[in-house]
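Okay, predicted coordinates and the sequence, questions at the end:
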Amino acid sequence: MNIFKKIKAGALQYVLVISVIIAIIIFAFISLIYLQQRLTIKHNFSKEAISNTIAVFDFIKIKEFPYDKNSTIEVLENEHTNTTFQKKHWGIFDIGVATSTVKNEFFQKVALLGTQKKQRDALFLKDNNTSLVLVGKTKIVGNTSLPKQGVKTGNISGVSYYGNRLIYGQQKQSSSNLPKITNLESLKTFSQQIQSNEYANFELEEGLKLHQSFAKEGLLYQDNNSIFLQNTRLTGQLLIVSKSKIIVSASATLKNVILIAPVITIESNTKGNFQAIATKKILVEENVHLEYPSALVVIHKDTHQIQSQRTNQVKELNSIKIHKNTVVKGVLVYQSDNIQSNFDAQIQIAERVTIVGEVYSSKNIELLGKVYGSVYTNNFIIKKSGGVYVNHIYDGEINISKLPEQYTGLQIDQSSNQVAKWVD
């Protein structure tokens with residue numbers, strides 16, 4: 001009996017096809033498992049890179065970092081991980097850039113930085129041997145630092161104080177010096193000595209829409225003449241500098257940019273989020289809404305108003321003037337090197353104006369509106385019925401309880417340590 005039989009060629013081909021199909025399926029299965037493993041590893045690396053950058057911004061709350069230098073941070077003991085942090089000045093705020101590389105995975109986060117305090121006082125009034133006088137519907141809510149003469153009620157043109165209490169909070173004695181803004185000198189340098197080689201130039205024209213990432217090189221536009229911003233949309237790391245004047249129209253949309261000029265005017269109905277840094281004057285017209293974290297800053301070397309005996313002309317007052325129905329979320333700063341006293345208000349906050357943040361003046365403030373946050377000042381000034389009233393507040397409100405807990409602002413007596421806003 002013959003146990004060997006002939007197998008037809010077609011059957012062999014069928015077996016061969018089945019074997020190839022099985023091999024392909026096995027190969028595809030192995031490839032799928034390998035790809036899944038690679039994707040899982042890649043995903044884990046990406047998660048680690050993201051986690052590292054977030055951890056950096058938690059780390060900076062407790063550690064100081066030098067400016068304009070890449071600092072390496074060991075978030076985890078992993079030889080395949082490289083995490084760095086860089087801090088640089090951006091007006092009154094700082095920019096923090098955290099970068100993490102895990103193997104070939106890269107992630108970066110950028111933020112505007114300021115200072116966050118657990119305990120904020122409503123008012124610091126420099127001790128000039130003059131008491132604080134409250135008139136009308138004035139209300140101060142929060143802890144205060146006041147001159148040794150304290151606080152009392154007053155009367156202006158027949159209007160007395162209407163409150164039940166003078167200060168809705170604890171009182172302590174202030175000193176003859178205002179708290180220091182830590183980065184004030186760097187702000188002066190930033191605004192007065194802009195180095196063109198640190199920025200690439202761009203052309204500014206009506207209708208321009210431009211975004212520049214803070215992770216890249218900053219862009220600069222300079223002009224000796226006045227600059228009128230209208231029908232433009234500018235966001236990101238952009239500097240606009242005029243040696244004369246900058247006017248912001250309501251048709252312009254500005255986000256996170258910085259304006260620098262001797263005089264800056266923000267026209268009625270403007271909305272945005274930016275920093276305006278002037279050497280003489282900032283004028284904010286009615287119905288303006290500046291979102292957080294905005295900044296209006298005047299830094300002037302000599303604000304003493306000199307009346308010429310020959311011409312009988314008075315120089316224009318250097319000031320920040322904010323008109324009615326305006327909201328500013330951020331900081332107002334007026335800083336003067338002049339030590340002479342005067343009876344003008346260098347920061348003027350009109351009726352129906354709301355400031356959410358901080359107001360700082362090395363000279364005088366006229367407060368007729370509301371500050372939901374903190375005020376630091378040399379004096380208050382009110383001009384009513386032909387009279388000048390020193391250290392009087394008339395119908396103004398300072399209320400620290402209405403400042404959001406997450407608010408991050410001026411570097412008062414310490415450096416930046418908290419995220420004010422995430423940017424790109």
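In hand now; what should we look at? Numbering: from 1, shown residues only.

residues touching the closest residue to Glu366 other than its chain neighbours, list them.
Leaving aside its sequence neighbours, Glu366 sits nearest to Ala345 (C-beta to C-beta, 6 or more residues apart in numbering; 3.5 Å). For the C-beta atoms, the positions are set from N, CA and C on the backbone; glycine is no exception. Residues near Ala345 by C-beta atoms under 8 Å, 6 or more residues apart in numbering: 319, 364-366, 381, 383.

Show me where the stretch 251-400 of the chain dips below the pLDDT cut-off.
Within the stretch 251-400 of the chain, the ranges that satisfy pLDDT under 70 run 302-316.

what is the mean pLDDT for the helix or strand containing Tyr34?
Tyr34 is located in helix 9-59, with elements delineated by DSSP states H and E. Helix 9-59 shows an average pLDDT of 78 in the prediction.

State the distance from the residue nearest to the spatial centre of the chain to Thr130.
In the chain, the residue lying closest to the centroid (C-alpha atoms, centre = their mean) is Pro293, at 3.9 Å. Relative to Thr130, Pro293 is positioned 33 Å away (C-beta to C-beta, to the nearest Å).

repeat for Leu16
104 Å.

When those two are compared, which one has more neighbours?
Thr130 (14 against 10; other C-beta atoms under 10 Å).

Leaving out sequence neighbours, find the closest residue to the more buried one.
Nearest-residue entry for Thr130: Asn391, 4.8 Å, with adjacent residues in sequence omitted and distances by C-beta to C-beta, 6+ apart.

give me the number of residues near that neighbour?
Counted by other C-beta under 10 Å, the residues lying close to Asn391 total 24.

end to end, how far does stretch 228-239 reach?
14 Å (C-alpha to C-alpha, to the nearest Å).

Residue ranges of each domain in the chain, please.
13-113, 123-302+313-419 (automatic domain parsing).

out of the ones you listed, deepest packed?
domain 123-302+313-419 (a mean of 19; mean count of other C-beta atoms under 10 Å).

so the residue lying closest to Leu184 once chain neighbours are set aside bridges to which residues?
The shortest distance from Leu184 to any non-neighbouring residue, by C-beta to C-beta, 6+ apart, is to Gln335 (6.5 Å). Applying DSSP bridges to Gln335 gives these bridge partners: Ile299.

doesn't Thr377 make contact with Gln335?
No - judged on C-beta atoms under 8 Å, Gln335 makes no contact with Thr377 at a distance of 11.8 Å.

shared neighbours, the two?
Shared contacts of Gln335 and Thr377 (C-beta under 8 Å, 6+ apart): Tyr360.

Report the secondary structure state of Phe190.
Secondary structure for Phe190, judged by DSSP: H, G, I helix; E, B strand; the rest coil, is helix.

what's in contact with stretch 362-371?
Residues outside stretch 362-371 that contact it (C-beta under 8 Å, 6+ apart): 178, 303, 322, 334-336, 342-355, 359, 375, 377-383, 393-399.

Please apply the same query to stretch 331-344.
With contact meaning C-beta under 8 Å, 6+ apart, stretch 331-344 is reached by 92, 181, 184, 293-305, 317-320, 322, 346-347, 355, 357-364, 381, 388, 390, 409-410.
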